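> Fold the stuff below for me.
(chains A, B, C and D)
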2 protein chains.
Amino acid sequence: MNIGDVSNQTGLPAKTIRYYEDIGLVKPLRDDNGYRRFRRQDVHKLNFLGRARALGFTIEDCRTLMALYEDETRASADVKKVARAHMAQIEAKIADLNAMRDTLSHLIDACAGDDRPDCPILQDLGGKA
Amino acid sequence: MNIGDVSNQTGLPAKTIRYYEDIGLVKPLRDDNGYRRFRRQDVHKLNFLGRARALGFTIEDCRTLMALYEDETRASADVKKVARAHMAQIEAKIADLNAMRDTLSHLIDACAGDDRPDCPILQDLGGKA
DNA sequence: ATGGGGGTTCCAGTCACGGGAAGGTCAAGG
DNA sequence: CCTTGACCTTCCCGTGACTGGAACCCCCAT
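You can find the predicted model right below:
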C-alpha cells in the first residue's frame, strides 16, 4: 500500500504518517521508485498510534506503549502506570480549565454586553479587585 | 524600574516581558545604558496581560482586550464577544478532555496492573473492540 | 505529448515562551 | 583601583506535533 491508501484507511494525514516515520514510529519499506510501501503490520501500528493520540497520549508515551504492545512479556502494571500518569495530567488540565471557565462565566454574566463602555471583564483584568 | 523589579512585581519572568515588548504589547523606555525603564503604566499593562493570560486568552486576544481597555469609547459588547468566544474554546477543550478521561478511566479500571501481560488498555489501542 | 493525480524531499511556520551563550553595566567591598 | 557578583543586553536554538508550501519525480490515460 502507498501512503495515500494508508492515509484513507487510518484517517491519519499523509504528512503525519511521514512524520511518524521520521521519528521512528513506523518503518515502511521502499519501492524502487522511492515510494513508501506499507505492510499490514505498519497499518496496524498506525491505527494503534492514531487511537493512542486520540486519547491524548504524547508521542513519547505512544513510543512506550507501542514497545509494551510488542513485548509479549510485558507486565500490565507497566501499561497501567503510563495510563495513570497520563490521566493525572488530563485531570490537572481539566481542573485548570474549569477554574478558567468559572471565572470567565462570572465575568461574562456580569457584563452588560451593550454599547456602553463599562465592563466588569476589563475592570477585573485591569486589577480593580 | 528595571526589568527585574517589574518581574518581581508582576510575577512574569523577565524573558516573557522582553517577549511582550518584542511583539509590541508593551513599549518601555530605554535608559542611556540600554536598560529598559518601565513606567507605572507599563507595569499596569503587564499585570493586565498576566491576568488575561492566566484566564487562557491567547496573545492575540490579549492584544484585542488591551486595545479595548484603552479605548474609552469601547462597547462592552465587544469585550463580551471576545470573552464568550474564548469560553466556547475552553468548553470544547474540557469536553474533549472529559471524553478522554472517561475512556481512560474505564480502561485503567479494567487493567489488572500486575505482572501478567494481558492488558485491556493495549487491547483497546490495538483495535480489539 | 500532455495532463492530472499520485508520490518524494526539504524548509519554514505554528504558539508562547525557556535555556543558554557572549558580553556590557553597576554598586559594594578589599 | 580592582574584583566580584548581580544585574542587564542581544541573539539563536529548542519545545510538540504537526501543517503548508515549494520544487521536483513517477505513472497512467488520453
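> OK, contacts around A:Leu125?
Shown in contact with A:Leu125 (CB atoms under 8 Å, 6 or more residues apart in numbering or on different chains): B:Phe48, B:Arg51, B:Ala52, B:Leu55, B:Leu65, B:Tyr69. To be clear about C-beta, it is placed using only N, CA and C from the backbone, and glycine gets the same treatment.
> Distance check, it against DNA strand D.
25 Å (CB to the nearest atom of the strand, to the nearest Å).
> can you tell me how far that residue sits from B:Gly11?
Going from A:Leu125 to B:Gly11 by CB to CB, to the nearest Å gives 15 Å.
> still on that earlier bit, most neighbours among the contacts of A:Leu125, please name it.
B:Leu65 (26 neighbours; other CB atoms under 10 Å in any protein chain shown).
> With pLDDT and distance to B:Asp78 as extra columns, can I get the contacts of A:Leu125 in CSV?
Converted to CSV, the contacts of A:Leu125 look like this (pLDDT from 0 to 100; distance: CB to CB, whole Å):
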residue, pLDDT, distance to B:Asp78
B:Phe48, 98, 16
B:Arg51, 98, 19
B:Ala52, 98, 15
B:Leu55, 98, 17
B:Leu65, 98, 10
B:Tyr69, 98, 11
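> so is the residue of chain A found nearest DNA strand C in a helix, a strand, or just coil?
When scored by CB to the nearest atom of the strand, chain A has A:Gly4 as its residue closest to DNA strand C, at 2.4 Å. Here A:Gly4 is helix, with the state taken from DSSP: H, G, I helix; E, B strand; the rest coil.
> Now do the same for the residue most central in space within chain A: its pLDDT.
Central residue check for chain A by CA atoms, centre = their mean: the C-alpha nearest the mean position is that of A:Gly56, 3.8 Å away. pLDDT for A:Gly56: 98.
> Skipping its backbone neighbours, what lies nearest it in space?
Nearest residue to A:Gly56, sequence neighbours excluded (CB to CB, 6 or more residues apart in numbering or on different chains): B:Met100, at 4.7 Å.
> packing partners for the particular helix or strand that has that neighbour in it?
Secondary structure assignment for B:Met100, by DSSP states H and E: helix B:76-110. Packing partners of helix B:76-110 (3 or more CB pairs under 8 Å, 6 or more residues apart in numbering or on different chains; DSSP states H and E): helix A:76-110, helix A:120-125, helix B:59-70, helix B:120-125.
> for the third one, packing partners?
Put plainly, it is helix B:59-70. helix A:120-125, helix B:40-54, helix B:76-110.
> Run through chain A and note the low-pLDDT ranges.
A:129 (pLDDT under 70).
> domain parsing for it?
Here the domain assignment for chain A is A:1-73, A:75-129, based on automatic domain parsing.
> follow-up on the earlier one: can you say which of the helices and strands packed on helix B:59-70 is packed in most?
Of all the helices and strands packed on helix B:59-70, helix A:120-125 has the most neighbours on average by mean count of other CB atoms under 10 Å in any protein chain shown, namely a mean of 21.
> Any part of that helix near DNA strand C?
No. Helix A:120-125 lies out of reach of DNA strand C by CB under 7 Å from any atom of the strand, never closer than 14.3 Å.
> Between the domains of chain A, which one is closest to B:Asp96.
For B:Asp96, the closest of the domains of chain A is domain A:1-73, at 8.1 Å, according to CB to CB.
> Contact distance from DNA strand C - what residues of chain A qualify?
So far as CB under 7 Å from any atom of the strand goes, chain A lies against DNA strand C at A:Asn2, A:Ile3, A:Gly4, A:Asp5, A:Ser7, A:Ala14, A:Arg18, A:Gly34, A:Tyr35, A:Arg36.
> mind putting these in CSV, neighbour count included?
Listed next are these as CSV, based on neighbours: other CB atoms under 10 Å in any protein chain shown:
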residue, neighbour count
A:Asn2, 13
A:Ile3, 19
A:Gly4, 11
A:Asp5, 11
A:Ser7, 18
A:Ala14, 14
A:Arg18, 13
A:Gly34, 6
A:Tyr35, 13
A:Arg36, 19
